[in-house]
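with the sequence up front, the predicted model follows.
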Amino acid sequence: MPDASLKKKRPLWYDLNLLHLPLPGLVSIFHRISGALLFLGLVWFLFLLDMSLASEEGYARFARYGSQPLVKLALLVLLWAYLHHFCAGIRYLFLDIHKGVDLPAARATSALVLAVSLALTAILGWVLLW
Amino acid sequence: MVTRTVVGAHYGLRGWLAQRISAVVMAVYTIVLVVALAAIRPADYATWKALFGHGLMRVATLLFIVSVLLHAWVGMRDILMDYIKPTGLRLALHVTVILLLAGYAGWAVQILWRT
């Protein structure tokens, strides 16, 4: 006869902590989060493009606006979102054609995506924003 | 031998494919833009305006924006399908996303073709 009390105590190993996700899972959820961020950022991006291309004064306003620390920080976050989405997206295109689907390759390319997007964010952020 | 009956309207495939094709267009544009920025190094209004005013760049940017809209539509649709359970709210959000993206397209054309 099954022991009800024993059944109750069975552990459930649903680890919902993001940091405990395997690397491909981390890349996947970041892909989704960065995509949502980019969608929300679209209106701001168009606003900035509009301002910068409108006129000489608009460009000057854009330059002043873009030199504020908070604006720079927000742009840096969106830059990371874009670059992560870009790198992870390229990985997914390769997965679509069945390249890198075995576990060691999937883990290695996930680590590569995370590292390259962070490195590119640092480099492009430095060049474009500072 | 197992005979499979394929069901469904295949509308999922179109979205899936649009997602991939738009992704490739955006990736190519991104690299072109970074190379152009590195070559021109726009530091004032005149060079900045000339960069986006160039005929080829204008059309390439328009293609990029159309790709962003298609891509964002499929992506946001997937996100809404996963997390928003009440049908009415989900439908309202789908429509909001589509209207916003269509509006953005009009705004982008205005920005690029205004001189």
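Looks like it arrived, so ask away.

before we move on, which element is the residue in chain A that chain B sits nearest to in?
Closest residue of chain A to chain B, C-beta to the nearest C-beta: residue A:59 (3.9 Å). Just so you know, the C-beta spots here come from the backbone N, C-alpha and C atoms, and that holds for glycine as well. Residue A:59 belongs to helix A:56-66 when assigned by DSSP states H and E.

next structured bit after that helix?
Assignment by DSSP H and E places the next element after helix A:56-66 at helix A:69-96.

what residues of that next one count as buried?
Applying a neighbour-count criterion of 16 or more other C-beta atoms under 10 Å in any protein chain shown, one finds A:72, A:75-76, A:78-92 buried in helix A:69-96.

check stretch B:68-78 too.
So for stretch B:68-78, counting by 16+ other C-beta under 10 Å, buried means B:68, B:69, B:70, B:71, B:72, B:73, B:74, B:75, B:76, B:77.

helices or strands up against the helix holding residue A:59?
Secondary-structure packing of helix A:56-66 (3 or more C-beta pairs under 8 Å, 6 or more residues apart in numbering or on different chains; DSSP states H and E): helix A:23-54, helix A:69-96, helix B:45-53.

on the pLDDT front, check whichever residue of chain B sits closest to chain A for me.
Closest contact between chain B and chain A, by C-beta to the nearest C-beta, is at residue B:45 (3.9 Å). Listed pLDDT for residue B:45 reads 95.

my guess is it contacts residue A:56. True?
Yes - if you go by C-beta atoms under 8 Å, residue B:45 and residue A:56 touch, sitting 5.0 Å apart.

please identify which of those two sits among more neighbours.
Ranked by neighbour count (other C-beta atoms under 10 Å in any protein chain shown), residue B:45 and residue A:56 place residue B:45 first, with 19 against 11.

which one is the more buried one nearest to, not counting chain neighbours?
residue A:59 (3.9 Å; C-beta to C-beta, 6 or more residues apart in numbering or on different chains).

just the buried residues of stretch B:68-78 now: which is nearest residue A:118?
For the buried residues of stretch B:68-78, the residue nearest residue A:118 by C-beta to C-beta is residue B:75; the value is 21.9 Å.

quick check: pLDDT value at residue 2.
Going with chain A. 58.

oops, chain B please
Per the predicted model, pLDDT is 70 at residue B:2.

check contacts around it.
Neighbour list for residue B:2: empty [criterion: C-beta atoms under 8 Å, 6 or more residues apart in numbering or on different chains].

about what we covered before: of the buried residues of stretch B:68-78, which are in range of chain A?
By C-beta under 8 Å from any C-beta of the partner chain, the members of the buried residues of stretch B:68-78 lying near chain A are B:68, B:72, B:75, B:76.

find the nearest non-adjacent residue to the first one, please.
Spatial nearest neighbour of residue B:68, chain neighbours left out: residue B:26 (6.6 Å); criterion: C-beta to C-beta, 6+ apart.

now name the helix or strand holding the one you found.
helix B:11-40.

show me which positions of that helix end up buried.
Going by 16+ other C-beta under 10 Å, helix B:11-40 has these buried residues: B:19, B:20, B:22, B:23, B:25, B:26, B:29, B:36.

contacts only, for the residue positioned nearest the centre of chain B.
With distances taken as C-alpha atoms, centre = their mean, residue B:68 lies nearest the centre of chain B, 1.3 Å away. Contacts of residue B:68 were listed using C-beta under 8 Å, 6+ apart, and they are A:42, B:22, B:26.
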